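>>> predicted model and sequence follow; I will ask about them next.
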Amino acid sequence: MVPGDIQGNRPSLPMVSGREREGMFGVHGTGDTSGFGGLRLPAYSPAPAERPYGGWFDDFADELAATMSEKGIASSAIRQITVDRGEITLYVDRGSIVELCQTLRDAEGLRFEMLASLSGVDYGEQVRDRLHVVYHLLSMTFRRRIRLETSVTIDDAHVPSVVEVYPTADWQERETWDMFGVIFDGHPALTRILMPDDWDGHPQRKDYPLGGIAVEYKGAEIPPPDQRRSYS
């Protein structure tokens, strides 16, 4: 079976791609006091999984495919599957995320009742759909964990809210909006949760200034990190 979605269909475009990374924080043209400025890392992009996935992943994939077919959810809703480091990740079309979460929660053979975590990732300018939203789902019935991931561009950073399916997503989506600027359409009150309401920007985006706040200590001012001298 060829690499691809949950039924083995070849994806039209992998969701994750990258290039060699330099340094640790993606900051250029300023002093680097972290010591990581000379770091060179290869791009990490795990290949789509091939069946058999191994372990319980195959039973899970078959159950999910059958349930999606029964509910009329297109197989293209899952664009790619990867299995890496003993974990399975489903890359999902953002328009299907709510329906898929509800299916994963309610289907008798799936029962992913808990959203353990929802967070954001910014892969930087080297990736077209650079902002990703990651959902860690837990089945307390079957003691299984899976990860869903969807991606958007900076210019169209909209993802449907899953609060109606997993109420704990309320504060997690607010935090992801606050830090990464992903707009969760349908969220009951999408306001900042960590930064002040009038804060400008989203601090965990790769293009956010590294900087910080200048600190005055006994008459001496310590500048933000990106304004300090470089160490050779």
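Ah, there it is.
>>> which stretches of this structure form helices?
For the chain, helices defined by DSSP state H occupy the ranges 57-71, 97-106, 169-180.
>>> in the longest one, what counts as buried?
The reference is to helix 57-71. Phe57, Phe60, Ala61, Leu64, Ala65, Thr67, Met68 (16 or more other C-beta atoms under 10 Å). (Glycine included, C-beta is placed from N, CA and C.)
>>> what does stretch 178-198 give?
In terms of neighbour count (16+ other C-beta under 10 Å), stretch 178-198 has its buried residues at Asp178, Met179, Phe180, Gly181, Val182, Phe184, His187, Leu190, Ile193.
>>> mean confidence for stretch 69-89?
Averaging pLDDT along stretch 69-89 gives 93.
>>> how close does the residue lying closest to Leu110 once chain neighbours are set aside get to Glu173?
Of all residues not flanking Leu110 in the chain, Leu104 sits nearest, at 5.2 Å (C-beta to C-beta, 6 or more residues apart in numbering). Going from Leu104 to Glu173 by C-beta to C-beta, to the nearest Å gives 17 Å.
>>> same check on Ala61?
With distances taken as C-beta to C-beta, Ala61 is found 27 Å from Glu173.
>>> ditto for Leu115
The value you get for Leu115 to Glu173, if C-beta to C-beta is used, is 10 Å.
>>> ditto for Thr82
On the measure of C-beta to C-beta, Thr82 and Glu173 end up 24 Å apart.
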